[in-house]
Every structure is written in C-alpha cells, then in structure tokens.
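>>> Return a 3D structure for these sequence lines:
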Amino acid sequence: MTLQSMTGFARSVADHQGAAIAWEVKSVNGKSVELRLRLPSGFERLEPTARQAVQRRFSRGSFQATLTVGRAGGLQPQPVVNEAFLKDIAGLAQRLQEGFGVAPASADGLLALRGVLDVPEQFESEEAKAALDAALMGALEAALADLEAARRHEGDALRLLLLGHVDTIEALTLRAEADPSREPAVIRQRLAEQVRMLMDAAAGLDESRLHAEAAFLATKADIREEIDRLKTHVASARSLLGSGGVVGRKLDFLAQEFNRESNTLCSKSNAAAVTAIGLELKAVVDQFREQIQNLE
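Numbers count the residues shown, from 1 in each chain. Okay, here's the model as predicted:
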C-alpha cells in the first residue's frame with residue numbers, strides 16, 4: 001500500500017444532455033473525514049451520496065467539493081418574474097423612499113429578493129433527474145479518483161523525506177552510542193576524579209557511602225536504554241513507512257516517543273558531545289513530526 005498526503009486538488013468536467021458539469025475538490029489536513037459541499041440550488045439531494053463517495057475513498061482529511069452546472073445557450077431556461085409581487089415590492093420601496101428618505105431601490109436589488117425571480121426546474125421527470133444525478137456522481141467519482149492520485153503522488157514524496165529524517169535519527173543515535181564519553185574507562189576515571197575532589201574538600205565524608213552514591217549516579221546517567229529504544233523506534237518507523245496505508249497517527253505517536261527519548265538523553269548526558277547530539281536529535285524529530293501531520 002502507498003502513503004497518502006492529506007493535501008491535494010482535482011477538477012473534473014462532464015457533459016450531460018447539454019448540461020455542463022464541473023466538480024472541484026480539494027483536501028487539507030484533518031483528524032477525520034470532514035466534507036464541506038457547495039451545491040447549486042436544487043441539487044441539495046446529492047449531499048448524502050457525495051459524502052458516502054468521499055468516505056469510501058479516504059480515511060482522513062478536510063475536504064471541500066464545489067459543483068457547478070451550466071446549460072448551453074439554446075437550452076438555458078428562461079427566468080420567470082412574479083410581476084405582481086415585484087409591483088407590490090416596488091411600491092413599498094417607493095413609499096419608504098418618500099416617507100422616510102431611504103435610498104431608492106435598484107432593479108437588481110428588487111430582482112434578488114426571494115420570490116421575485118424564479119428559474120423553472122429544468123428536469124421535471126424522475127427519470128431525467130436520476131440520469132442527471134448519475135452523470136453528476138460519475139463526474140464526482142472522476143474528480144475524487146484524480147484527488148486520490150494527487151494525494152498518493154505527494155505521499156510518495158513525503159515517504160522519501162520522512163525516511164531521510166529516520167536515517168538522520170539513526171545516525172545521531174549511533175553517534176551517541178559510540179561517543180568516547182560512554183567508554184567504561186572514561187566514566188570510571190571521571191567518577192574517580194569527582195570522588196577525589198569531594199574527599200579532598202571534606203575529609204569527614206564517609207568514603208564507602210560516597211562511592212555508593214557515585215555508582216548510583218553513574219547508573220542514572222547511563223543512556224543505554226534510551227539508545228536501545230531509539231533504535232527500536234527507528235525500525236518501527238521504517239516498517240510503517242514501508243507498509244503504507246493509513247499510518248499517520250501511528251507515526252505521530254512514534255514522533256512523540258522519539259522526542260521523549262531525545263529529551264531524556266539530553267537530561268542524562270554528562271558530556272557536552274552527547275548533549276549536542278541530543279539537541280540535534282530534537283531538531284530532526286521536530287521536522288519529522290511536522291511532516292507527519294500531512295499524512296493520512
């Protein structure tokens with residue numbers, strides 16, 4: 001399975017018995033499937049079917065779908081004006097102007113009032129409506145297929161980018177593991193010097209207790225567990241990126257784990273070199289997590 005980005009755009013056009021159909025569909029990041037539909041007046045009946053079409057194809061993303069339906073010039077229905085109602089409204093506007101000094105009503109303003117201008121239904125029979133709906137949904141499916149292809153194309157690019165971040169995380173982890181400050185001999189020497197300095201500063205200190213405390217601190221400062229967990233998370237991230245599918249949330253959880261281990265590594269570090277590596281890790285993990293937010 002391939003990865004999908006949650007961002008994309010697609011447009012599909014079709015013709016049905018003189019009706020020019022056009023769908024524009026775009027998607028951005030979202031926690032689940034959220035759809036906003038913009039349908040022409042009279043086509044609200046398509047909303048449930050359109051929502052199902054989106055939910056069948058996608059698992060995450062915020063979608064907006066816009067439908068336009070135009071007619072060829074010779075088939076364009078003629079608007080019908082309710083002249084009696086228009087006359088009443090115009091008379092009322094005139095009286096308001098004369099009695100209260102309001103601005104005069106404009107023709108386009110009057111025609112825009114509900115009930116003044118009406119466009120007759122183009123497809124009156126149920127058969128004609130069903131045929132038109134099938135054409136409309138066919139065009140939507142074509143747009144959704146193109147959107148899915150666009151999201152997959154961007155998902156392929158994201159996979160390469162994320163794998164690069166994972167490679168960097170692994171390289172930094174191995175650098176921390178191989179840092180000379182983690183050699184047992186170096187650790188013993190550093191602890192011995194610290195114990196000697198404390199003994200010289202306070203001759204009354206219990207030497208055995210001091211050595212026990214030093215051993216405890218040495219154990220607490222060991223970053224072996226953090227390194228092992230980072231290696232495990234690297235393997236998990238590569239496996240998820242290789243398997244594809246809807247893995248955005250799982251990778252986001254891994255990014256949190258990467259960040260936790262990086263923070264712990266920095267807090268435990270007793271060498272400037274390891275601290276620097278931990279800070280680099282945090283920066284790469286932040287980039288990794290930011291890119292993951294775009295994945296389905």
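>>> From now on I want contacts and neighbour counts done on CA atoms only, so please keep to that.
Noted.
>>> Longest helix in the chain, by number of residues?
For the chain, the longest helix by residue count, based on DSSP state H, is helix 126-178.
>>> how about the closest residue in space to residue 273 that isn't next to it in sequence, phi and psi?
Of all residues not flanking residue 273 in the chain, residue 179 sits nearest, at 7.5 Å (Cα to Cα, 6 or more residues apart in numbering). Main-chain torsions, residue 179, degrees, to the nearest 10: phi -60, psi 130.
>>> OK, contacts around residue 287?
Contact analysis of residue 287 by Cα atoms under 8 Å, 6 or more residues apart in numbering lists residue 165.
>>> helix, strand or coil for the residue lying closest to residue 133 once chain neighbours are set aside?
In this structure, residue 133 finds its nearest non-sequential neighbour in residue 46, 7.4 Å apart by Cα to Cα, 6+ apart. Recorded secondary structure, residue 46: helix (DSSP: H, G, I helix; E, B strand; the rest coil).
>>> Residue 268 - how many residues pack around it?
Number of residues near residue 268 (other Cα atoms under 10 Å) recorded here: 17.
>>> and if you look at the one 3 residues further on?
Using other Cα under 10 Å, residue 271 has 13 neighbouring residues.
>>> before we move on, the earlier item: just to check, the residue nearest to residue 273 is in contact with residue 274?
Yes - here residue 179 reaches residue 274: they are 7.0 Å apart, a contact under Cα atoms under 8 Å.
>>> OK, contacts around residue 115?
Residues in contact with residue 115 (Cα under 8 Å, 6+ apart) are 82, 85.
>>> List phi and psi for it.
Per-residue torsions, residue 115: phi 100, psi -10 (degrees, to the nearest 10).
>>> Which residue, other than its chain neighbours, is closest to residue 146?
Leaving aside its chain neighbours, residue 146 sits nearest to residue 10 (5.7 Å; criterion: Cα to Cα, 6+ apart).
>>> where in the stretch 151-296 of the chain is pLDDT low?
Scanning the stretch 151-296 of the chain for pLDDT under 70 picks out 182-221.
>>> show me where it has helices.
For the stretch 151-296 of the chain, applying DSSP state H, counting those that start in this stretch gives helices covering 184-201, 207-220, 224-243, 248-268, 272-292.
>>> same question, the stretch 1-150 of the chain
Using DSSP H, counting those that start in this stretch, the helices of the stretch 1-150 of the chain run over residues 47-57, 83-100, 107-111, 126-178.
>>> What is the last one packed up against?
What that stands for is helix 126-178. Applying 3 or more Cα pairs under 8 Å, 6 or more residues apart in numbering; DSSP states H and E, one finds that helix 126-178 makes contact with strand 8-16, strand 19-28, helix 47-57, helix 224-243, helix 272-292.
>>> That helix relative to helix 224-243, how many degrees between them?
Here the directions of helix 126-178 and helix 224-243 differ by 150 degrees (axes from the mean of the first three to the mean of the last three Cα atoms, to 10 degrees).
>>> For residue 180, give its distance to residue 262.
With the distance defined as Cα to Cα, to the nearest Å, residue 180 ends up 19 Å from residue 262.
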